[in-house]
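[1] the amino acid sequence is not available; the structure is as follows:
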């Protein structure tokens, strides 16, 4: 009964926001995001701690402004998701987004060994693969199954309207390898907390973060090209820009584990660089540093007991100065 109620509520929200003009739907979404931001105490607390870790010299006022934009962006993303099924290629090109660096993606794909798109919860991640497929470039997406199967099936039916394929995290390696052998593209979100052995600790904003190493291992095994791809909002243009960076040069030696660690660190560094350029478009609400190296205490505390968390012991004084 609970699952059916959740599914019915989602269908109602999607239906209501879908019938509105896009700009009106985005305005409603932004309003909903603002309301959620005022009520989401625990989420906001994690966001504040993340910003203190990443930008220790940032003022409380600046952190608050970024968090408010985080909720607004989530509202926009909800609105875009509800609108996606009625988008046409012409409308997307005219109103929604433009490419920057598409030639990097095309050159990587032309090599014929597949393309692994390094991405994350930055900008409009849910919209990015959809508009890319709508414009003739369907790809695979590595995602976690939603707890409600009715909601999961509905969400995936929209994601895959124009040829995208879903690869679930519980069995993604086999699917990605097959896709690379077919010369296809797969997008992988690389900015979420992991646990060993699937994750390895690499620097992220100067602090060790447990990061999935599967992308690095599959790239080494298949010879696939890896390049960053993020759909980011441009205030100047009042639309999104789908940025594809140049193909990343990966380390490849006789030591597979050393290569996995080095290349995963590269992916984290590239993701961090994009977040630093667009700090108000990242999902700061996720507890990115939850998993700690052995012997380190937890980072995330209750708001009532820690409003200004100390930097993790693993961050050096030099790293603190740099950020």
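    Ah, there it is. Being a predicted model, the structure only gives us computed values, none of them experimental. Residues are numbered from 1 along each chain as shown.

[2] name the spans of this protein whose pLDDT lies under the cut-off.
    Residue ranges of the chain with pLDDT under 70: 302-323.

[3] now do the helices in it.
    Applying DSSP state H to the chain gives helices spanning 2-19, 22-39, 41-54, 60-83, 89-91, 102-110, 125-134, 149-159, 172-181, 214-222, 256-277, 317-322.

[4] how about the longest one: buried residues?
    The one in question is helix 60-83. Buried residues in helix 60-83, defined by neighbour count with 16 or more other Cβ atoms under 10 Å: 63, 66-83. In short, each C-beta sits where N, CA and C put it, glycine included.

[5] re earlier: out of the helices of the chain, flag the one nearest residue 118.
    Nearest to residue 118 among these is helix 256-277 (5.4 Å), distances taken as Cβ to Cβ.

[6] what angle separates that closest one from helix 41-54?
    Angle between the axes of helix 256-277 and helix 41-54 is 100 degrees (criterion: axes from the mean of the first three to the mean of the last three Cα atoms, to 10 degrees).

[7] other SSEs contacting helix 256-277?
    strand 115-119, strand 199-204, strand 207-212, helix 214-222, strand 225-234 (3 or more Cβ pairs under 8 Å, 6 or more residues apart in numbering; DSSP states H and E).

[8] of all those, which lies closest to residue 12?
    strand 225-234 (26.8 Å).

[9] angle of the closest one against helix 102-110?
    150 degrees.

[10] figure out how far strand 225-234 is from the centre of its chain.
    Centroid separation between strand 225-234 and its chain, computed with Cα atoms, centre = their mean, to the nearest Å, is 10 Å.

[11] from residue 258, how far out is residue 200?
    11 Å (Cβ to Cβ, to the nearest Å).

[12] these two - which one has more neighbours?
    Legend: neighbour count by other Cβ atoms under 10 Å for residue 200 and residue 258, higher for residue 200 (20 against 11).

[13] so the residue nearest to the more buried one when sequence neighbours are not counted versus residue 72, what's the distance?
    Closest residue in space to residue 200, ignoring its immediate chain neighbours: residue 213 at 4.8 Å, by Cβ to Cβ, 6 or more residues apart in numbering. Distance from residue 213 to residue 72, counting by Cβ to Cβ: 33 Å.

[14] same deal with residue 173?
    The gap separating residue 173 from residue 72 is 36 Å, by Cβ to Cβ.

[15] how about residue 295?
    When residue 295 is compared with residue 72 (using Cβ to Cβ), they lie 39 Å apart.

[16] please apply the same query to residue 59.
    Applying Cβ to Cβ to residue 59 and residue 72 gives a distance of 20 Å.

[17] what of residue 235?
    In terms of Cβ to Cβ, residue 235 sits 12 Å off from residue 72.

[18] buried sites along stretch 294-301?
    So stretch 294-301, judged by 16+ other Cβ under 10 Å, has buried residues 299-300.

[19] need the distance between the two termini of that stretch.
    From its first residue to its last, stretch 294-301 covers 18 Å (Cα to Cα, to the nearest Å).

[20] now stretch 120-129
    12 Å.

[21] what does stretch 180-194 give?
    Stretch 180-194 has its terminal residues 24 Å apart, counting by Cα to Cα.

[22] how about it: buried residues?
    180, 184-192, 194.

[23] quick one: which of those residues is nearest residue 130?
    Out of the buried residues of stretch 180-194, the member with the shortest distance to residue 130 (by Cβ to Cβ) is residue 187, at 10.9 Å.

[24] ok so, going back, tabulate the helices and strands packed on helix 256-277 (TSV), appending distance to residue 18.
    Formatted as TSV, the helices and strands packed on helix 256-277 follow (distance: least, Cβ to Cβ, whole Å):
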stretch	distance to residue 18
strand 115-119	25
strand 199-204	37
strand 207-212	34
helix 214-222	34
strand 225-234	20
